[in-house]
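1. Compute the structure for the input listed below.
(one chain, ligands or ions: 2)
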Amino acid sequence: SKFDLPVPQEFKNLSQNRYIAYVAYGSNVGDRFFNILKAIELINSSKHSKVTRVSSLFQSEPMYFTDQNTFLNGCLELETSLSPHALLKFCKEIEYDELKRVKQFDNGPRSIDLDIILFKSGEEEHVLVNDDQLTIPHPRLHERSFVMEPLCELVGHAELHPITAEPIFNHLINLYAKSNAEDVLWRLIPLPARGGKERFLKFKSVTVVDEMTGFHTTKSVSSAYVMGILNVTPDSFSDGGLLQGELDSQLERTKQMVMDVLDKCESVILDVGGCSTRPNSEQASAAEELNRAIPLVQAIRSCKDFPNEKVFISVDTYRAEVALKAIEAGADIINDISGGKFDAEMFSLIANHPTVAYVLSHTRGNIRTMSSKTDYASTDLTDGSHEYIFAQDSSDASSAFIRTIAKETAEQYRKALDDNVKRWQIIIDPGIGFAKKSAQNLRLIKHVEDLKNYSYQCPKHFTTFRNLPVLVGPSRKKFIGEITGDEKPSDRDFATGALSASCVGFGADIVRVHDAKNCSKTIKLANALYRQV
Ligand SMILES: Nc1nc2ncc(COP(=O)(O)O)nc2c(=O)[nH]1
Ligand SMILES: Nc1nc2ncc(COP(=O)(O)O)nc2c(=O)[nH]1
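-> Ligands and ions are numbered 1, 2, ... in the order given. Predicted structure coming up:
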């Protein structure tokens with residue numbers, strides 16, 4: 001392709017060398033998210049560069065020239081054999097030749113902007129450039145939250161700015177401490193466009209910095225979403241599939257749930273499950289699961305009463321084959337209680353659908369054995385690795401229990417990223433009731449926010465949960481009944497309503513409930529109480 005630029009002379013003998021570049025992207029014209037996906041594809045289709053990692057996706061208010069559309073921003077890590085100037089030329093060709101950027105004026109609207117932020121000739125050596133064409137590191141890096149926030153997800157908290165010799169993450173925290181630079185950022189989870197419209201789940205958090213100690217922690221400030229459970233387990237002794245009558249009544253039930261929740265909240269996530277995942281429950285076959293869940297997903301998707309920008313469909317499955325059929329039927333989210341542990345094909349399937357979201361939950365063992373795997377003794381760190389826990393009260397947050405949950409979830413998350421799942425697809429879930437005893441479930445709920453403030457640095461890579469939304473599923477679970485004395489799960493809805501409000505107070509971004517009608521009220525109340533946006 002015309003992008004296949006000749007390897008510059010000075011790199012001829014180094015062409016086996018791979019250079020690492022960090023490129024910030026921004027788009028606020030046209031189909032913004034499509035432009036970003038296209039830019040990544042064009043880089044990957046070259047012979048000299050490959051995108052190795054991608055940050056979360058952000059929406060940001062325009063800086064400098066404010067009278068323009070909001071931007072989608074993020075950061076790419078790429079490996080290249082190009083010199084900095086050749087990489088700049090390559091980026092310009094993508095912007096202008098491929099994505100038809102029309103530069104009206106400085107800081108003006110653009111279909112895509114690819115800025116080289118950092119350029120390294122190896123793990124440690126930064127390459128500095130300062131001429132009339134190109135300045136590396138980017139001269140305005142330290143004033144741009146929409147660049148530093150995504151960049152820090154890739155380079156880690158310890159990466160020093162090559163000029164100031166200060167960690168870039170510190171520049172970001174200082175920027176937040178002295179400006180509203182974080183207020184302008186939303187974290188986005190992209191979902192499949194429908195009706196030609198971009199669709200996102202949106203989350204906003206703020207980093208609170210303690211002036212005295214410099215300690216900082218991040219907390220959610222945007223409204224939590226309601227996820228209503230639609231467990232589709234047929235009553236009759238059919239072949240495990242839904243009889244037409246049952247499908248009609250399921251659809252009526254869904255319409256009622258959508259109406260109830262949208263009467264209170266901006267949007268609703270429907271979680272369709274064709275196979276119960278309660279510990280020790282009998283597992284339906286994949287065929288039964290498909291026969292139950294897929295017809296309902298299709299019926300919901302083709303129902304005109306449900307506005308696409310307010311009604312999101314999740315399918316609760318740990319099977320890749322069910323997830324694929326669910327996505328083809330119109331699911332926006334795959335909700336996997338096993339965090340990819342039960343089906344080795346799941347991550348690559350999710351990676352093939354970069355606009356489908358994925359709930360990565362913590363669990364241990366399998367449906368039959370998980371209840372016995374509740375010993376969270378301290379996990380020693382392997383040599384050279386380091387954990388960051390920016391917690392409010394670091395006492396219990398840094399306990400072996402919380403750290404072990406975070407670390408085990410981070411290991412699964414790392415595997416997902418290694419299978420090319422994008423960060424922007426991931427929602428994490430601590431797995432309430434999965435390989436946890438009752439008292440542990442209560443502690444877990446209290447430390448939801450600390451999960452988001454957990455990062456794990458080991459010699460080979462850096463993983464952070466910063467900027468990832470957290471989903472919790474406390475509804476009707478046994479630990480509630482043990483406290484309230486309600487033997488029957490369906491008698492636990494009142495307590496679940498109260499607990500859902502507490503989950504929002506402790507930082508949950510999505511709460512998964514059976515009684516969506518009443519919980520949408522308690523969650524709405526909790527949003528008013530605990531969330532500013
Ligand atoms: N929110 C937001 N605001 C912006 N303002 C100006 C520029 C111009 O950037 P340049 O100096 O690299 O051309 N880019 C953005 C952007 O990407 N996001
Ligand atoms: N993400 C997520 N999904 C889940 N699916 C099923 C159950 C089991 O509860 P149910 O069988 O009552 O739905 N719990 C969760 C949960 O806690 N989180």
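2. all helices of the stretch 1-150 of the chain, in order?
-> In the stretch 1-150 of the chain, the helices defined using DSSP state H, counting those that start in this stretch lie at 9-12, 32-44, 84-92, 145-155.
3. Revised request: answer the last question for the stretch 401-533 of the chain.
-> 438-446, 448-452, 478-484, 493-505, 516-530.
4. Is the residue of the stretch 301-450 of the chain found nearest ligand 2 bridged to anything, and to what?
-> Nearest residue of the stretch 301-450 of the chain to ligand 2, counting by Cβ to the nearest ligand atom: Asp429, 4.3 Å away. Bear in mind the C-beta positions are built from the backbone N, C-alpha and C, glycine included. Using DSSP bridges, the bridge partners assigned to Asp429 are Ser361.
5. Using a markdown table, please lay out the helices of the stretch 1-150 of the chain together with mean pLDDT, distance to Gly339 and mean neighbour count.
-> As requested, those are exported to a markdown table (pLDDT from 0 to 100; distance: least, Cβ to Cβ, whole Å; neighbours: other Cβ atoms under 10 Å):
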| stretch | mean pLDDT | distance to Gly339 | mean neighbour count |
| --- | --- | --- | --- |
| helix 9-12 | 47 | 41 | 11 |
| helix 32-44 | 95 | 25 | 19 |
| helix 84-92 | 96 | 36 | 19 |
| helix 145-155 | 96 | 19 | 24 |
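6. residues near Asp486, how many?
-> The tally of other residues near Asp486 (other Cβ atoms under 10 Å) stands at 17.
7. That one contacts Arg492, correct?
-> Yes. Using Cβ atoms under 8 Å, Asp486 is in contact with Arg492, at 4.7 Å.
8. any shared contact partners between the two?
-> Ile480 (Cβ atoms under 8 Å, 6 or more residues apart in numbering).
9. Contacts only, for the residue of the stretch 301-450 of the chain closest to ligand 2.
-> For Asp429, the contact set (Cβ under 8 Å, 6+ apart) comprises 337, 359-362, 470-473.
10. Just want the residue of the stretch 101-250 of the chain that's nearest ligand 2.
-> For the stretch 101-250 of the chain, Cβ to the nearest ligand atom, closest residue to ligand 2: Ile229, 5.3 Å.
11. actually the chain, not the one I typed
-> Closest point on the chain to ligand 2, by Cβ to the nearest ligand atom, is Gly473, at 2.4 Å.
12. how about the residues of the protein near ligand 2?
-> 229, 231, 276-278, 316, 335, 337, 359, 361, 429, 432, 471, 473, 476, 512 (Cβ under 6 Å from any ligand atom).
13. SS state for Phe169?
-> helix (DSSP: H, G, I helix; E, B strand; the rest coil).
14. any idea of the pLDDT on whatever residue of the stretch 301-450 of the chain ends up closest to ligand 1?
-> Residue of the stretch 301-450 of the chain nearest ligand 1, by Cβ to the nearest ligand atom: Trp424 (16.3 Å). Per-residue pLDDT puts Trp424 at 97.
15. List the beta-bridge partners for the closest residue to it other than its chain neighbours.
-> In this structure, Trp424 finds its nearest non-sequential neighbour in Leu57, 4.1 Å apart by Cβ to Cβ, 6 or more residues apart in numbering. Bridge pairing for Leu57 (DSSP bridges) gives the partners Leu188.
16. separation between Leu57 and Ile40?
-> 12 Å (Cβ to Cβ, to the nearest Å).
17. same question, Asp316
-> 30 Å.
18. and Val206, what is it in contact with?
-> 176, 182-183, 218-219, 221.
19. and it, what helix or strand is that in?
-> strand 205-209 (DSSP states H and E).
20. which secondary structure elements does the helix or strand following that strand contact?
-> Next helix or strand after strand 205-209 toward the C-terminus (DSSP H and E): strand 216-220. Packing partners of strand 216-220 (3 or more Cβ pairs under 8 Å, 6 or more residues apart in numbering; DSSP states H and E): helix 168-178, strand 205-209, helix 448-452.
21. if we can go back for a sec, verify the contact between the residue of the chain closest to ligand 2 and Arg512 for me.
-> Yes. Applying Cβ under 8 Å, one finds Gly473 in contact with Arg512, separated by 3.8 Å.
22. between those two, what contacts are shared?
-> With Cβ under 8 Å, 6+ apart, Gly473 and Arg512 have common neighbours Met227.
23. To ligand 1, which of the helices and strands packed on strand 216-220 lies closest?
-> helix 168-178 (13.6 Å).
24. CA-only coordinates of the closest one in PDB, if you can.
-> The C-alpha coordinates for helix 168-178 follow below in PDB (Å, rounded to 0.1, in the frame of the first residue of the first chain):
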ATOM      1  CA  ILE A 168       3.600  11.600  34.100                       C
ATOM      2  CA  PHE A 169       0.900  10.300  36.500                       C
ATOM      3  CA  ASN A 170       2.000  12.900  39.000                       C
ATOM      4  CA  HIS A 171       1.600  15.600  36.400                       C
ATOM      5  CA  LEU A 172      -2.000  14.300  35.800                       C
ATOM      6  CA  ILE A 173      -2.900  14.300  39.500                       C
ATOM      7  CA  ASN A 174      -1.400  17.800  39.900                       C
ATOM      8  CA  LEU A 175      -3.400  19.000  36.900                       C
ATOM      9  CA  TYR A 176      -6.600  17.600  38.600                       C
ATOM     10  CA  ALA A 177      -5.700  19.100  41.900                       C
ATOM     11  CA  LYS A 178      -5.400  22.600  40.500                       C
END
